[in-house]
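A.B. asks: This is the structure alone, sequence omitted:
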């Protein structure tokens, strides 16, 4: 069965985005990009909520993204994507399918299909329903060595305690730390 992996970068004070949805604090370098490339090569489906989808769609297909980081941009543009949104009318980013309802049922069906793992980037609101239904198999948190003081936490809105088991960690020269957990169900 395919795994659904949630990956997100957070600040040392626990925020994945600033109060105005800014993520300009992301600590990205060659080592980070190598990890990102390795991870993207291990998945064959990216899953987004509307807000994260629109953010990603506005950057990865652009000439700036293709010029600045051709390998990651190519992977982000080529990997099939699903955006779950009740308000979006169409999905225009390459290889993207729009689904408007039945999030948990769709994810359950996708997990049963053959293929590589699936990944969710950002999309904390979408992830809440998946967490509540025990559908996320692994949490990959990239702790960045910066504090921003205000913003939105990745688990903002969970209704019950989320129990996790540490799978592994990886420290980067930049000060980033990748922390991987599975959910204790």
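C.D. replies: Arrived safely. Keep in mind that what you see is a predicted model, and the values were worked out from it rather than measured.
A.B. asks: Contacts only, for the spatially most central residue of the chain.
C.D. replies: Residue closest to the average C-alpha location in the chain (Cα atoms, centre = their mean): residue 121, at 1.1 Å. For residue 121, the contact set (Cβ atoms under 8 Å, 6 or more residues apart in numbering) comprises 7-8, 46, 48, 52, 56. In this view, the C-beta of every residue, glycine as well, is placed from N, C-alpha and C.
A.B. asks: From those, pick the one nearest residue 149.
C.D. replies: residue 8 (18.5 Å; Cβ to Cβ).
A.B. asks: which residues touch the helix or strand the closest one falls within?
C.D. replies: Using DSSP states H and E, residue 8 sits within strand 4-11. The contact list for strand 4-11 (Cβ under 8 Å, 6+ apart) reads 16, 23, 25-27, 39, 43, 47, 107, 110-111, 117-122, 124, 127, 130, 135-144, 146-148, 151, 153-154, 176.
A.B. asks: next SSE after that strand?
C.D. replies: strand 15-17.
A.B. asks: from the middle of its chain, how far away would that next one be?
C.D. replies: 12 Å (Cα atoms, centre = their mean, to the nearest Å).
A.B. asks: That one - which strands sit beside it in the sheet, and in what orientation?
C.D. replies: strand 152-153 (antiparallel) (DSSP bridges).
A.B. asks: could you say what helices and strands the very next helix or strand once past the strand it pairs with packs with?
C.D. replies: Sequence-wise, the next helix or strand downstream of strand 152-153 (DSSP H and E) is strand 164-171. Judged by 3 or more Cβ pairs under 8 Å, 6 or more residues apart in numbering; DSSP states H and E, the packing partners of strand 164-171 are strand 177-183.
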